[in-house]
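Visitor: With the sequence up front, the predicted model follows.
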Amino acid sequence: MDPTASVNNDIIETIENEEEILDDSEERELVTDSCSTKVLDSSEQPCDRYWIVYILFYLFGVTSLVPWNFLITANDYWMYKFRDVNPSNLTMVVRKTQFQAEFTSYLNVATAVPNLIFLILNSLYGHLVSIKSRLQGSLIVIMLSFLVTTALVQVNTDDWQNGFFIVTIVTVVIMTAASAVFIGGLIGIASRFSKEYMGAVVSGQSLGGVVAAAAQVVALALRVSPLRSALAYFAAADALLAAALAAGAALRRLAFFRRHARRAAAPPNRHRAATPAAVARKVALPALTMFTVFAVTMAVYPAVTVLVESHPTTAGTDWNNIYFVPVVNYLIFNCGDYSGRLVAGFLLKPTNQWVVAGASVVRVAGVAMLMLCNAQPRRHLPVVFPWDWEYIIIMILFAFSNGYLTNIIMINTTRAVAAHEREQASSLLAAALSLGLAAGAAAGLLLVRLV
């Protein structure tokens with residue numbers, strides 16, 4: 001039995017009796033209203049008053065990708081840290097150093113690989129650790145690691161850029177591993193609620209990107225140095241993590257949350273036990289589709305897209321020098337991704353898994369188009385889309401399709417399996433997503449050199 005199931009025997013018996021009432025048809029299993037998820041013919045259940053649990057799930061979704069969103073988006077800061085500190089006066093052309101050109105690609109790998117490993121470990125052994133430890137403990141690790149990153153803003157690293165690079169990558173690996181544990185536990189719990197709560201987590205993850213990008217633009221608009229803007233920017237991330245820690249403590253006090261957490265902890269009936277192999281067969285196609293969506297996205301975003309520069313006619317303007325990359329590469333992309341997830345939450349179409357899989361493959365065209373935008377420096381490919389408006393349109397479509405397909409896959413798949421299989425199904429989808437991130441990040445390292 002799961003050691004996290006520290007509930008009274010009478011509660012477990014009640015849950016088991018309720019599950020005896022349910023048959024294998026999900027049409028009879030759950031009835032969802034705006035207040036709670038109720039079992040047919042059961043006594044009145046606690047309500048999610050004022051949608052507090054829903055809001056907190058949204059907050060956790062935002063927080064779950066803080067390491068990725070805030071570190072990736074702080075491009076101006078990384079460009080400053082890894083600038084050429086001994087520039088040559090023989091030419092007026094400012095070229096990116098090797099660290100500047102390739103740091104984002106290394107950052108992708110440092111986030112994708114530990115994310116994949118720890119999501120898999122979480123799906124295999126997460127049940128041996130209590131939900132409280134996984135959620136609260138991982139948040140504490142993320143926050144401590146991010147405080148280290150924040151402190152390094154004030155340290156002069158010009159004389160030890162190699163050492164700073166290593167410290168940064170190690171810190172990112174630790175943060176990402178803890179974040180993967182947090183995401184695995186969060187998605188597992190959310191799968192026990194009605195589809196709105198899973199939608200809150202998934203959409204919250206995208207909203208986190210919007211918040212990070214908007215904070216970066218505001219920091220740049222203050223016209224302070226990259227170091228001061230980064231300090232304010234990372235401090236905002238620290239505050240967000242602290243808020244999530246406090247919210248986690250409050251969440252466990254809510255009767256509505258405790259009710260569903262106890263249902264998650266209760267052992268299923270023997271004839272309804274979900275085997276990993278059986279669930280894997282049911283979600284094989286959606287998992288492959290999820291892998292494809294994120295492998296395609298990560299192949300160019302942000303490793304290649306961060307190198308795209310504004311049209312030469314804007315040279316010398318604030319748009320070119322300050323705002324182009326933060327606004328287009330991060331803010332517009334994240335707004336497009338978030339919009340796609342919101343729209344998908346309302347439509348939940350198409351439901352045909354093969355149609356969704358086909359749409360994920362079609363997005364490969366977006367990779368080719370983004371590589372033909374004005375990414376610099378270039379070695380092999382021509383610039384076919386030099387104008388800013390062309391790049392922005394391609395970016396919006398690419399981002400919207402990423403968010404839309406992600407939400408469609410996650411919500412429809414967890415609704416298509418039996419209730420006692422949802423946690424395993426969502427864990428498999430999360431692992432497929434992470435595998436896609438790792439594969440895409442590896443491909444990004446090659447595509448950066450192909451441009």
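Guide: Nice, I can see it. All of these numbers come straight from a predicted model, not from anything done at the bench. Residues are numbered from 1 along each chain as shown.

Visitor: for the stretch 351-451 of the chain, what spans make up the helices?
Guide: 353-362, 364-371, 388-416, 422-450 (DSSP state H, counting those that start in this stretch).

Visitor: What mean pLDDT does the first one get?
Guide: Just to be clear, that refers to helix 353-362. Averaging pLDDT along helix 353-362 gives 94.

Visitor: what's that helix packed up against?
Guide: helix 284-300, helix 388-416 (3 or more CB pairs under 8 Å, 6 or more residues apart in numbering; DSSP states H and E). The C-beta positions use only the backbone N, C-alpha and C, and glycine is treated the same way.

Visitor: The first one packs against which elements?
Guide: By that I understand helix 284-300. Helix 284-300 packs on helix 353-362, helix 364-371, helix 388-416, helix 422-450, going by 3+ CB pairs under 8 Å, 6+ apart.

Visitor: Would you format those as JSON lines with mean neighbour count and distance to Pro377 included?
Guide: Shown next, in JSON lines, are these (neighbours: other CB atoms under 10 Å; distance: least, CB to CB, whole Å):
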{"stretch": "helix 353-362", "mean neighbour count": "16", "distance to Pro377": "30"}
{"stretch": "helix 364-371", "mean neighbour count": "18", "distance to Pro377": "13"}
{"stretch": "helix 388-416", "mean neighbour count": "21", "distance to Pro377": "17"}
{"stretch": "helix 422-450", "mean neighbour count": "22", "distance to Pro377": "10"}
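
Visitor: closest to Ala247 out of those helices?
Guide: When those are compared by CB to CB, helix 422-450 sits nearest Ala247, at 21.0 Å.

Visitor: what packs against that closest one?
Guide: Counting contacts by 3+ CB pairs under 8 Å, 6+ apart, helix 422-450 packs against helix 98-125, helix 161-190, helix 276-282, helix 284-300, helix 364-371, helix 388-416.

Visitor: out of the helices of the stretch 351-451 of the chain, nearest to Ile183?
Guide: Short answer: helix 422-450, nearest of the helices of the stretch 351-451 of the chain by CB to CB, at 6.5 Å.

Visitor: just to revisit the earlier point, of the helices and strands packed on helix 353-362, which is nearest Thr73?
Guide: Using CB to CB, the helices and strands packed on helix 353-362 put helix 388-416 closest to Thr73, at 13.9 Å.

Visitor: distance between the closest one and the chain's centre?
Guide: 13 Å (CA atoms, centre = their mean, to the nearest Å).

Visitor: any idea of the mean pLDDT in it?
Guide: On average, helix 388-416 scores 91.

Visitor: and it with helix 353-362, angle?
Guide: Helix 388-416 runs at 150 degrees relative to helix 353-362, counting by axes from the mean of the first three to the mean of the last three CA atoms, to 10 degrees.

Visitor: May I have the secondary structure class of the residue lying closest to Val217 once chain neighbours are set aside?
Guide: Leaving aside its sequence neighbours, Val217 sits nearest to Pro326 (CB to CB, 6 or more residues apart in numbering; 5.2 Å). At Pro326 the chain is in helix, as set by DSSP: H, G, I helix; E, B strand; the rest coil.

Visitor: The helices and strands packed on helix 422-450: which one's closest to Ser310?
Guide: Taking CB to CB, helix 388-416 is the member of these nearest to Ser310, at 5.6 Å.

Visitor: From Val201, how far out is the nearest residue to Gly188 once chain neighbours are set aside?
Guide: The spatial neighbour of Gly188 that comes closest, neighbours along the chain excluded (CB to CB, 6+ apart), is Glu423 at 4.6 Å. Going from Glu423 to Val201 by CB to CB, to the nearest Å gives 13 Å.

Visitor: again, but for Ala180
Guide: On the measure of CB to CB, Ala180 and Val201 end up 14 Å apart.

Visitor: Ala247 now?
Guide: According to CB to CB, Ala247 and Val201 sit 13 Å apart.

Visitor: Quick check on those two: which one has the bigger neighbour count.
Guide: Val201 (25 against 17; other CB atoms under 10 Å).

Visitor: from memory the more buried one sits against Ser191, does it?
Guide: No - using CB atoms under 8 Å as the test, Val201 is too far from Ser191 to be in contact (9.4 Å).

Visitor: average pLDDT for stretch 234-246?
Guide: Computed over stretch 234-246, the average pLDDT equals 91.

Visitor: List of residues touching that stretch?
Guide: Outside stretch 234-246, the residues that touch it by CB atoms under 8 Å, 6 or more residues apart in numbering are 59-60, 62-63, 66, 70, 74, 136, 139-140, 142-143, 146-147, 149-150, 153, 211-212, 215.

Visitor: switch to 6 Å and redo it
Guide: Outside stretch 234-246, the residues that touch it by CB atoms under 6 Å, 6 or more residues apart in numbering are Thr63, Val66, Phe70, Leu139, Met143, Phe146, Thr150, Ala215.

Visitor: which of the residues you listed count as buried?
Guide: Thr63, Val66, Phe70, Leu139, Met143, Phe146, Thr150, Ala215 (16 or more other CB atoms under 10 Å).

Visitor: State the distance from the closest residue to the first one other than its chain neighbours to Ala215.
Guide: When the adjacent residues along the chain are set aside, Thr63 lies closest to Ala244, with 3.9 Å between them (CB to CB, 6+ apart). Distance check for Ala244 against Ala215: by CB to CB, it reads 16 Å.
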